[in-house]
Structure formats: C-alpha cells, structure tokens
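**Student:** What shape does this take:
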Amino acid sequence: MGAISHDDAWSVSLVGRLADWRGLGIDVDRVDRFQPDLAPTICTPFERRQYLAASGADGAAAVLARIFSIKEAAFKALSPSVRQWIGFDEAELLRLPAGDAGSCTLRLLRAAGPFAAGQQFDGAVAVADGRVVALLAVPAAPPVGFTSARPSPGTA
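**Tutor:** Have a look, this model is predicted:
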C-alpha cells in the first residue's frame, strides 16, 4: 500500500505493508500558494478561531498550508475505506503543532464509510524550505478476538 504526492519541485511517497495499514496518505505543497481568502474553503470555524486568529498576517499562509496538507493526506488515507468524497468542512484539526513540525490530530465531523463521526486520526506535518509536507496513516484493524498482551492499568 502506498501514497504519493508532488508539486513543481518535490516528490514524496509513503509505503507500508497492507497487513499493517488500512490507509496511507501524504501531501506536499508550496506554502506561498495559500492566501488568507482560502480560509473559509479549507478551515472549519473552529480552525479559523483556534489557529488562524493567533497566526497573524505573516503566519497565515503557513497555517493554512499545514491545515490543507494534513486534510489532503487524511483524505488520501481514508479513501480506500470510505470511497466517497469528504469535504474540507467534514474534518477538523483538534491539534496542530505550534512550530514548523510536529504531530497533529484530525477528527471526522460526520460518519464516513466505516469511520464514525468523532473518530480521531493522528498525523504529522512539517514546513521547510517553503514547502509543507503532511502524512497520516490509518492502522489496520486488529484481528477479531485480538487482545493486548499489555496488562490493564493497576493489574501489573
């Protein structure tokens, strides 16, 4: 299983074993193409209040690029299971790194395929050299009857 993305100068890919992953998504894009007027299309009201309001005019492009890129990676990762369009307003970032790189958490705002509304997915996003790169990987479901070998809290 794999995912690819490219822009005018960079190409990125992500691969993994089908047995380990339900979906993989990756995205790369130029930060300078994200203008503030794109915010209503890319961001939910929560994202605009939480991330854009604090970014200031100089940081808005990088914040928009990170939000767009992680959503794009998520849609690529979820597509094999969902097989339907998920709009930018149907998922939102609950956590976005404050700096140029880090982990993030995306939540579905409506059910999509086998994924329930409210289901959360972890990803990563980074900005470097005027580019944003994001990835999101959806682990394969554990086999039916699987139980963790890890003891429950308080029983070890």
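**Student:** show me where pLDDT drops low in the chain?
**Tutor:** Residues of the chain that meet the criterion pLDDT under 70 lie in 56-58, 142-156.
**Student:** ranges for the strands of it?
**Tutor:** Under the criterion DSSP state E, the chain contains strands at 2-6, 11-15, 21-30, 91-95, 101-108, 120-128, 131-139.
**Student:** Pull up the pairing partners for the longest one, direction included.
**Tutor:** Partner strands and pairing direction for strand 21-30 (DSSP bridges) are strand 131-139 (antiparallel).
**Student:** Just the buried residues of the partner strand, please?
**Tutor:** By neighbour count with 16 or more other Cβ atoms under 10 Å, strand 131-139 contains the buried residues 131-138. In short, each C-beta sits where N, CA and C put it, glycine included.
**Student:** Just the terminal-to-terminal distance for stretch 75-93.
**Tutor:** End-to-end span of stretch 75-93 (Cα to Cα, to the nearest Å): 13 Å.
**Student:** centroid residue for the protein?
**Tutor:** residue 70 (3.2 Å; Cα atoms, centre = their mean).
**Student:** my guess is that one contacts residue 121, does it?
**Tutor:** No: assessed by Cβ atoms under 8 Å, residue 70 is found out of contact with residue 121, at 9.4 Å.
**Student:** Which residues are in contact with each of the two?
**Tutor:** 106, 136 (Cβ atoms under 8 Å, 6 or more residues apart in numbering).
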